Structure formats: structure tokens, C-alpha cells
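When you get a sec, could you give me coordinates for this:
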Amino acid sequence: MKRTLILLGVIFAVMTVAAQQRLVYQSYMLGSDSGDTTFRDVQRFKNQLKINNIQEFKGKLIDGVSTDFTYVDYDLDSVYFQMNYADGESYFYAYSLKTNDVEFKEVGAEKILGYDCKKYKTSINSNTIEVWMTESLGFEASPVTSRGYLKGVMVRQAINGNRIMDLKSIKKDKKLKKRLIPDNLGVRKTGKELNKINKDKLIVRTKIFDDEQIHFAKIDKFQGEIPFDTVIDFSWGTIILKRVNLPVLPEHYQIFAELHQRSNGDAYDRSGSVFVIPMDRKLSLSNALIDSIQTIPYQLDKNGKKYQGIALTDDYMPVVELMRFFTPFGVSHFNDRLQIDGLEWEDEAYYKMEVSELSDRLSGDVLIGAFIGNYDGGGHKVSLDLVAYPQDYDGDVSNNSRWSLPLFNTCNVMEMSGQNYGRLFQTDSLTVEFDIPEGVENLRLRYITTGHGGWGGGDEFNPKENTIIVDGEKVFKYTPWRCDCATYREFNPVSGNFWNGVSSSDLSRSGWCPGTATNPVYFDLSDLKPGHHTITVAIPQGADEGGSFSHWMVSGVLTGFKK
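Predicted coordinates for the structure are as follows:
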């Protein structure tokens, strides 16, 4: 009797150990020598699994990365996907393992990695998926749960014949918990909700302006140092400015300026700009805003007209333009003014532009402004976010090397305070001297250009070639022109409609349309060596006609990387 009890105890111990196992799967690309190999760990106790990727990440992780686990309970036909965050928050969603729209067909039997396997095959979104399952091990386990249930242990998966996941090892592991699935998985969510939480945690979103008004009004003149996190109006209310402390992010983040705009009473297409005021030198646009436009350097054209704050000098940096945008004709405020069959007016204009190459201007203590040139008491309402999306998990910022130098900007954001329109190109070109420091490479010019003069003979409606001259040599020619303005008709409820059926917002223009942002163009200057240089912008600006005149808003920032 005693011998029988001992034997039963041994058998029970063997069964218990056999129920505690760790399976490791390896993923790789066939024929690849890149070393791109990942591993997935599957812990098993009886009919429960705990699945997670084995990640050996050295260094600092970016914020918002979750630790994820997938749990399987074969007895309950349940899968639980859990995300855990460093702030202590945990979320999960649950689904049935066997209820799935994917249908695998058994297509034969093969011996794979020493195991007798049944082979299954299916197709998802034009991808061919093959799976080899063995029932010889006497239990069930798979590192992939999103495509339903196949009996046995997965030995191999192949996607399109070259993305392979193999069972690398099976080992007994007495240290595994006898209940792998925790009692508290966190807050239950749907899969869609969980995906949104994951994205929101990883994305760095900074609210700059929230439904702020830009209009023409008498405002109290601001005096003193600009405080943090306070929106301040300047230049008769046509500029809003905010001082913010932006996070220092690794340079793999893609950064976007995201702007929402709607009319609050102004019916017209207006020039707008989102910009950063650099504080690298003695003077900046903030001096003009707080004191007087007379405090910043100016250039004279051949007619003796002043153009204040448009170019780099030893003591002054022009503003760095993140986004040039143009308001449509009265979106939102005038949506009930006119109804046209087949058209449904949009509620707002939306602009989103990548500004990653200016990330060195978007960290730490930053002055960010927005301008819309208008003469209306209601004006416009705008909201602005800076949104950064990670492209890697590495949180190290010590290797950040982006470099930028603002060269010129003729967008007269202080128009209402006397800053002239960029009319100098009629008689002159714009020339700027600058220095490239040692150790800066991969240089290119980020150039934004739009032509204006809103009558038939004006530069708004006539293509004009922009010429870029570096150190006396013509290096680039570019003619800005937009032929797709009619695409944005739904944003322009009070655009003029002509006798022939065309709307004024439909007309092609010199690099812009009502309701759009103007894309920068990039000119390669990687051959420039450290030292002193000049850059010249030449445009054949048209002549004045009566009380009408043409002008050009051009901005240029030199970008590169420090070694």
C-alpha cells in the first residue's frame, strides 16, 4: 500500500512538471542577413497560456510604452489581451478563441522540426498564411491567437513563404505560477478603445491654442516679460502668441503642426502663418511686438520703402515659419448664407503639416505665434496642437543633432503694426548673408513661397519663376502654382460665383488655394562648406495697377545636422 502511494505521488509530480512548460518561438525573414530576429515567450500551465514578446532593450525607453501580455484559457475558450503602463494603469480586452471569421483549410501533413504536423492554409488581405500544428505533444499552445483556433501546438507559421515563426525550444519550468492569468487584469475595454489608449499614450500632443480668436480690435499694449502658458494678443489682435515649455524628444519623432480654423465673422480668404520666434540673437520679433517695430533691423528697396525684420543679421533672426496657411471664404460662420445643390459646406478648415526638420526650434522654452491678416472685429477662431509620433522605442536625446538657421521671411505678420508687404521684388532681389559653422552637414533650404495681387494682372493669378542664387551662382528655379483649388469648394461658402459657373475659390493661384496650407519645397545645399555665404531670392514681381499691387511672401530656413 505504501509503495502504491509513493508511485502515485511520483506520477502526480511528473504530471505537474509536464504541465509547467516554457515554449520559445523565433521570428525571422528567409534569406535576410539583417539579423532582424525576434522571440516570443509562451508560458504554459495545464490549459492556460501567458504570451509575451522577449525584448532586450538597452537604454532609455520613450514614455508611453506598454508592457503587453496575452493570456489564453482553453477551458473557457477565452483570450485576454492586457496592456500595462508605467503609471500603474492596466487595460484589457477579451475575445473568444474559437469564434473567428478566418477559415483555415487542412492541406496535408509534413514533418517539421522533427514533429509530425498537420498543415493548414488561409489567405488574409492577399497574404498567404501557412501553419503547421502537431498533436503529438498532448497539449495545446500557440503564440498567435488573433486568427482563431487550431488543435495542437504550433510548430511553424509562414506568411507569404518568407516571414517565418518557428518553435525554437520547449522546456519544463517548475518556477511558473500554477495560475498564469491574474485575477485583476485592469479596466476592460473594447479592442478599438484599447488601440486608441495605446496611441494616445505614445503620441506627445501639446495644446498651444484652444479656440482662440484672431481679429482686428483695439487691445491693451502688453508690457514686460512674456509669461508661460498665457495667450497674448499683439498687433491689433491679428497675432496671438504663447510661451510654452516643450518636451525634448528624440529626433526619431515625427512632429506635425495641426491647425483648425473657422470664420468668426470675416468672409474673406486671408493669409495666415504659424511661426516660432527664435531667441538666439540680441533682437527678435518679440522686441517689435512689445516695444515697437522700429526696434528691429530693416532693409530699404530702391524706392526707399522699409521692410522690417525680414532678414537675418548679426543681431537679429527672422521668425521661423512652421506653416503658411490661407483661410477659406467664410467657412462655418457663413455656412447658412448660400445653398448650392450638390454642395455641403464644411464646418471648419483643417491643416496638418510635418515640421520634423525644425525640431531643434520646438523644444524647451519656445515662443509660438499665429497670424491671420484681417480687418474684421469677429475675425477667426483657431486651435493649434503640436503632435509628435515616435518612430522608435529609443528615448535617448543625447544624440540629437538637428540644426537650423532662419534666413529670411517676408510674411508681414506685423502688418497691422506697420510691417510692409513683401513688395521689394519689383525693383530688388532679397539677399542675405549667413555663416555655416564647422561640423554642420546635409544642408538644405526649406522654402515657402506664395504670390499675391488679387486682380487679373496680379501675381496671385500669374505664374512667376522664383530664382535662388547662392554665392552669386543661380542654383535653383521654382515656379509655385496650384491648379487644384476647385477641390476645396466645400470650404468656401461665400466665395464669389461667376456667370460661367466657376467660383473665385476655384481659380488657380501662385502656390496657394483658399482653405489650404502651402507645402514647403526643399533645395539641396549639401555642397556648401563651413564659412561665410550669401543667398539671394529673385522674383519678377508684376507692376502696380491703380491702387492694386503685387507682393510675395517667401520664407527660408537652412536645415541640417551637427556632427
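
Distance of residue 90 relative to residue 145?
19 Å (Cβ to Cβ, to the nearest Å). Every C-beta, even on glycine, is put in place using the N, C-alpha and C of the backbone.

for residue 336, same thing?
Taken as Cβ to Cβ, the span from residue 336 to residue 145 is 52 Å.

Which of these two has more residues huddled nearby?
Shown here are residue 336 and residue 145; by other Cβ atoms under 10 Å, residue 145 has more neighbours (18 against 8).

Over to that one: give its phi and psi.
Residue 145 adopts backbone torsions of phi -120, psi -10, taken as degrees, to the nearest 10.

my read: residue 323 touches residue 353, true?
Yes: assessed by Cβ atoms under 8 Å, residue 323 is found in contact with residue 353 at 4.8 Å.

more crowded one of these two?
Taking neighbours as other Cβ under 10 Å, residue 323 and residue 353 compare with residue 323 leading, 24 against 18.

Show me what the helix or strand where that one lies pairs with in its sheet, parallel or antiparallel.
Residue 323 belongs to strand 320-326 when assigned by DSSP states H and E. Next to strand 320-326 in the sheet, as set by DSSP bridges, lie strand 271-277 (antiparallel), strand 517-518 (antiparallel).

So which residues make contact with that strand?
257, 259, 261, 269-278, 349, 351, 353, 355, 358, 361, 368, 404, 406, 409, 411, 448, 450, 512-518, 553, 555, 557 (Cβ atoms under 8 Å, 6 or more residues apart in numbering).

Quick check: what element follows it along the chain?
Assigned by DSSP H and E, the successor of strand 320-326 is strand 349-354.

What is that next one packed up against?
strand 254-263, strand 320-326, strand 517-518 (3 or more Cβ pairs under 8 Å, 6 or more residues apart in numbering; DSSP states H and E).

residues in contact with that strand?
254-262, 322-323, 325, 327-328, 331, 491, 515-517, 519.

Give me the buried stretch members for it, please.
Neighbour-count burial for strand 349-354, counted by 16 or more other Cβ atoms under 10 Å, picks out 349, 351, 353-354.

if we can go back for a sec, looking at the helices and strands packed on strand 349-354, which one is packed in the most?
Neighbour counts (mean count of other Cβ atoms under 10 Å) averaged over each of these peak at strand 320-326, with a mean of 26.

the inter-axis angle of that one versus strand 349-354?
Angle, strand 320-326 to strand 349-354, by axes from the mean of the first three to the mean of the last three Cα atoms, to 10 degrees: 150 degrees.

can you give me the angle strand 320-326 makes with strand 254-263?
Using the same axes, to 10 degrees: strand 320-326 against strand 254-263 is 40 degrees.

from the chain's centre, how far out does strand 320-326 sit?
Centroid separation for strand 320-326 versus its chain: 16 Å, with Cα atoms, centre = their mean, to the nearest Å.

Same question for stretch 404-418.
For stretch 404-418, the distance to the chain centre is 25 Å (Cα atoms, centre = their mean).

Let the chain start at 53 from now.
From this message on, residue numbering opens at 53, which makes the last subject stretch 456-470.

Straight-line length of that stretch, end to end?
28 Å (Cα to Cα, to the nearest Å).

Next, the buried residues of that stretch.
Within stretch 456-470, the residues that qualify as buried are 456-469, counting by 16+ other Cβ under 10 Å.

go on, stretch 349-357?
349-351, 353, 357.

In strands only, show me the residues you listed.
Of the buried residues of stretch 349-357, the ones assigned to strands by DSSP state E are 350-351.

In a markdown table, list the buried residues of stretch 349-357 along with distance to residue 556 and pLDDT.
Converted to a markdown table, the buried residues of stretch 349-357 look like this (distance: Cβ to Cβ, whole Å; pLDDT from 0 to 100):
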| residue | distance to residue 556 | pLDDT |
| --- | --- | --- |
| 349 | 38 | 97 |
| 350 | 34 | 96 |
| 351 | 34 | 94 |
| 353 | 31 | 93 |
| 357 | 29 | 94 |
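
Mind pulling the model confidence for residue 60?
Note on residue 60: pLDDT of 39.

now swap in residue 360 and tell me
The model reports residue 360 with a pLDDT of 98.

now do the one 10 residues further on
As summarised for this prediction, residue 370 has a pLDDT of 98.

and if you look at residue 231?
At residue 231, pLDDT is 83.

isn't it right next to residue 97, touching?
Yes: judged on Cβ under 8 Å, residue 231 makes contact with residue 97 at a distance of 7.1 Å.

between these two, which one's more packed in?
Counting neighbours by other Cβ under 10 Å for residue 231 and for residue 97 shows that residue 97 has the greater number, 18 against 10.

The more buried one pairs with what?
Beta-bridge partners for residue 97, by DSSP bridges, are residue 72, residue 100.

what does residue 609 give?
residue 458, residue 498.

Show me where the stretch 503-615 of the chain dips below the pLDDT cut-off.
Residues of the stretch 503-615 of the chain meeting the criterion pLDDT under 70: none.

could you pull out the strands for it?
Taking DSSP state E, counting those that start in this stretch, the strands of the stretch 503-615 of the chain run over residues 518-522, 525-530, 569-570, 573-576, 583-590, 603-614.

To residue 124, which of those strands lies closest?
Between residue 124 and the strands of the stretch 503-615 of the chain, the shortest gap by Cβ to Cβ is with strand 603-614, which sits at 46.9 Å.

Show me what that closest one is packed against.
So strand 603-614, by 3+ Cβ pairs under 8 Å, 6+ apart, packs with strand 372-378, strand 454-461, strand 482-488, strand 492-504, strand 583-590.

Ok, which of these comes nearest residue 147?
With Cβ to Cβ as the criterion, residue 147 lies closest to strand 372-378 of these, at 42.0 Å.

Could you check the angle that closest one makes with strand 492-504?
Using the same axes, to 10 degrees: strand 372-378 against strand 492-504 is 30 degrees.

Same list, the strands of the stretch 503-615 of the chain, but as TSV with distance to residue 334 please.
Output for the strands of the stretch 503-615 of the chain, formatted as TSV (distance: least, Cβ to Cβ, whole Å):
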stretch	distance to residue 334
strand 518-522	26
strand 525-530	31
strand 569-570	31
strand 573-576	29
strand 583-590	20
strand 603-614	20
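
so which of those strands comes closest to residue 225?
Nearest of the strands of the stretch 503-615 of the chain to residue 225, taken as Cβ to Cβ: strand 603-614 at 47.7 Å.

and the closest one with strand 583-590, angle?
For strand 603-614 against strand 583-590, the angle by the same axes, to 10 degrees is 150 degrees.

Neighbours of residue 235, how many?
Using other Cβ under 10 Å, residue 235 has 5 other residues around it.

So which residues of this protein form helices?
Applying DSSP state H to the chain gives helices spanning 54-70, 243-254, 337-342.

If I average pLDDT within each of those helices, which one is lowest?
The minimum mean pLDDT among the helices of the chain belongs to helix 54-70 (a mean of 42).

just to revisit the earlier point, do you know which of the strands paired with strand 372-378 lies nearest residue 172?
strand 569-570 (49.7 Å).

Give me the contact list for the closest one.
311, 375-378, 403-405, 500-502, 532, 563-564.

remind me which residues of this structure are low pLDDT?
Scanning the chain for pLDDT under 70 picks out 53-70, 85-88, 108.
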